[in-house]
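J.: Structure for the following, please:
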Amino acid sequence: MKFGTKAIHAGVEPDPTTGAIMTPIYQTSTYVQESPGKHKGYEYSRTHNPTRTALQNALAALENGKHGICYASGLAATDAVLKLFRPGDEIIATNDIYGGSYRIMKRIFEPFGLVFHFVNMTDINEVKSAISDKTKLIWMETPTNPLLRLIDIEQITAICREKGIQSVVDNTFASPYLQNPLDLGADIVMHSVTKYLGGHSDTVMGALMTNNDELAKQLAFIQNASGAVPGPQDCFLVLRGIKTLHIRMQRHCENAFKVAHWLETHPKVGKVYYPGLASHPGHDLARRQMRDFGGMLSFELKGDIYEDAVKTMERLNVFSLGESLGGVESLCTHPASMTHASIPKEEREKVGLKDTLIRLSVGIEDVEDLIEDLAQAIG
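T.: Down below sits the predicted model:
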């Protein structure tokens, strides 16, 4: 089954009671049992809910996985993965990472005894040097947030298999339409479903997909025991959202490609971070690993003057200044003060994240209007 057909049909069936083509919103907390322990597969909605079950099956199918487990947010999904490990275990993560992921690793789990090493995963030798006999997990994010670096998933997962280390890929920026990490050897793929999968900036959710039965069992246990589950209304919204994922992602990619090329030729723009540009150091890897280059890009103005970057963002009209990404509308974000503010300034600067960096989530509007908006804002 090709992706577009899968996005519309996989994991969902007409409602057996009414024939409704859309999965109903099962807005219930509990289910009547015929006898103690004798029921129709559902006991309590923290544990299972039919709307959530349909979504989990659909998301698993999109990532070519056997199991999907949904959580109340992307960070709740990250939290579930990290709960698989014990004090003294070491985890290697990319050093260009979403600020919320860095925060939960350093400020929540590090005090409980997990040890984190943040390395430049574009250099395989740095990854190898960080591995010890205590390494239990390698956490990848590709393309990275916000510098759009590319990590070779197959190369790193091959090392993981050789050394008995688990691997996770945060696939939020790419979406399953562009990249399937399970096919490239990853044990778990993680998504902030809030972003491209939901696609309409109207829900918050996270998900994990895997082909490993034991991992799925452990993650589902954590989902139920910790209780960070999404409600049925949110699951319904995402089920609706993913039916147009392939159409939306095509337009996101087309628009971002044109915006990136326009920015690269602008006399006031110093640098553009977009894997679709031939000048991007990960361009060849992106061509091999992804089906297209995505809707996310970042750029810096010449001179690296903070006030110039702020004024540019304030002058934007079609691009809205706000956190998040992946919705149909275009968004502009200032990572240093917004999405990555939880990372200390010195750590941000080590990886090249400047206070003047501007990140764009390019939406599906008419691209001429987006370029015109950027032109008047940059001046």
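J.: who's in contact with the helix or strand containing E349?
T.: Under the criterion of DSSP states H and E, E349 resides in helix 345-350. Residues outside helix 345-350 that contact it (CB atoms under 8 Å, 6 or more residues apart in numbering): N95, F118, A336, H340, K354, D355. (Glycine included, C-beta is placed from N, CA and C.)
J.: neighbours around the last one, how many?
T.: A count of nearby residues for D355, using other CB atoms under 10 Å, gives 15.
J.: I'd say it and A336 touch.
T.: Yes: under the criterion of CB atoms under 8 Å, D355 makes contact with A336 at 4.5 Å.
J.: wait, which of the contacts of helix 345-350 is closest to T30?
T.: Set against T30, the nearest of the contacts of helix 345-350 by CB to CB is H340 (41.1 Å).
J.: For the protein, which segments count as strands?
T.: Ranges of strands within the chain are 67-71, 90-94, 115-119, 135-141, 166-170, 188-192, 206-210, 269-273, 296-301, 320-321, 331-333, 358-361, based on DSSP state E.
J.: TSV for these, including mean neighbour count, distance to E372 and mean pLDDT?
T.: Below are the strands of the chain laid out as TSV (neighbours: other CB atoms under 10 Å; distance: least, CB to CB, whole Å; pLDDT from 0 to 100):
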stretch	mean neighbour count	distance to E372	mean pLDDT
strand 67-71	25	39	98
strand 90-94	24	35	98
strand 115-119	18	39	98
strand 135-141	23	32	98
strand 166-170	25	33	98
strand 188-192	29	30	98
strand 206-210	27	35	98
strand 269-273	19	16	98
strand 296-301	24	17	98
strand 320-321	14	16	98
strand 331-333	23	15	97
strand 358-361	26	14	98
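J.: mind putting those in TSV, distance to L84 included?
T.: As requested, those are exported to TSV (distance: least, CB to CB, whole Å):
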stretch	distance to L84
strand 67-71	12
strand 90-94	10
strand 115-119	14
strand 135-141	8
strand 166-170	8
strand 188-192	9
strand 206-210	11
strand 269-273	32
strand 296-301	28
strand 320-321	37
strand 331-333	31
strand 358-361	30
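J.: how close does the nearest residue to C160 once chain neighbours are set aside sit to L150?
T.: Residue nearest to C160 in three dimensions, not counting chain neighbours: S167, with 4.3 Å by CB to CB, 6 or more residues apart in numbering. S167 sits 16 Å away from L150, going by CB to CB, to the nearest Å.
J.: do K38 as well
T.: With CB to CB as the criterion, K38 and L150 are 52 Å apart.
J.: Next: W139.
T.: The gap separating W139 from L150 is 16 Å, by CB to CB.
J.: Where does the prediction get shaky in the stretch 151-300 of the chain?
T.: For the stretch 151-300 of the chain, no stretch is flagged by pLDDT under 70.
J.: pretty sure A256 is touching S298, no?
T.: No: with contact defined as CB under 8 Å, A256 does not reach S298; the gap is 11.1 Å.
J.: which residues are common contacts for those two?
T.: Joint contacts of A256 and S298 (CB under 8 Å, 6+ apart) are Y274, L360.
J.: count of neighbours near E372?
T.: For E372, using other CB under 10 Å, the count is 13.
J.: Tell me how many other residues crowd the closest residue to it other than its chain neighbours.
T.: Spatial nearest neighbour of E372, chain neighbours left out: V318 (7.9 Å); criterion: CB to CB, 6+ apart. The tally of other residues near V318 (other CB under 10 Å) stands at 18.
J.: Looks like V318 contacts C332 (just checking).
T.: No: applying CB under 8 Å, one finds V318 not in contact with C332, separated by 9.6 Å.
J.: Give me the common contacts of those two.
T.: Joint contacts of V318 and C332 (CB under 8 Å, 6+ apart) do not exist.
J.: ok, so what distance separates the residue nearest to C160 from H39?
T.: 37 Å.
J.: now the spatially most central residue of the chain: how far from M22?
T.: The residue lying closest to the centre of the chain (CA atoms, centre = their mean) is T172, at 1.7 Å. From T172 over to M22 the distance is 26 Å, taken as CB to CB.
J.: For G68, list each beta-bridge partner.
T.: Residues in a beta bridge with G68, per DSSP bridges, are M209.
J.: Need the nearest residue in space to T94, chain neighbours excluded.
T.: In this structure, T94 finds its nearest non-sequential neighbour in M121, 4.5 Å apart by CB to CB, 6+ apart.
J.: show me what contacts the residue nearest to C160?
T.: L137, I138, M140, I156, T157, C160, G185, A186, D187, I188.
J.: Pick the one among the residues you listed closest to E323.
T.: M140 (22.6 Å).
J.: where along this structure do the helices fall?
T.: With DSSP state H, the ranges of helices along the chain come out as 3-9, 50-62, 74-82, 99-103, 124-130, 153-163, 175-178, 213-226, 232-242, 245-264, 283-289, 306-315, 345-350, 367-378.
J.: could you dump the ones you listed to a markdown table with distance to Y274?
T.: Formatted as a markdown table, the helices of the chain follow (distance: least, CB to CB, whole Å):
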| stretch | distance to Y274 |
| --- | --- |
| helix 3-9 | 23 |
| helix 50-62 | 24 |
| helix 74-82 | 23 |
| helix 99-103 | 20 |
| helix 124-130 | 23 |
| helix 153-163 | 19 |
| helix 175-178 | 13 |
| helix 213-226 | 33 |
| helix 232-242 | 24 |
| helix 245-264 | 4 |
| helix 283-289 | 9 |
| helix 306-315 | 17 |
| helix 345-350 | 20 |
| helix 367-378 | 14 |
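J.: Contact partners for the closest residue to A58 other than its chain neighbours?
T.: Spatial nearest neighbour of A58, chain neighbours left out: G11 (3.2 Å); criterion: CB to CB, 6+ apart. Counting by CB under 8 Å, 6+ apart, G11 touches A54, L55, Q56, N57, A58, L59, A60, A61.
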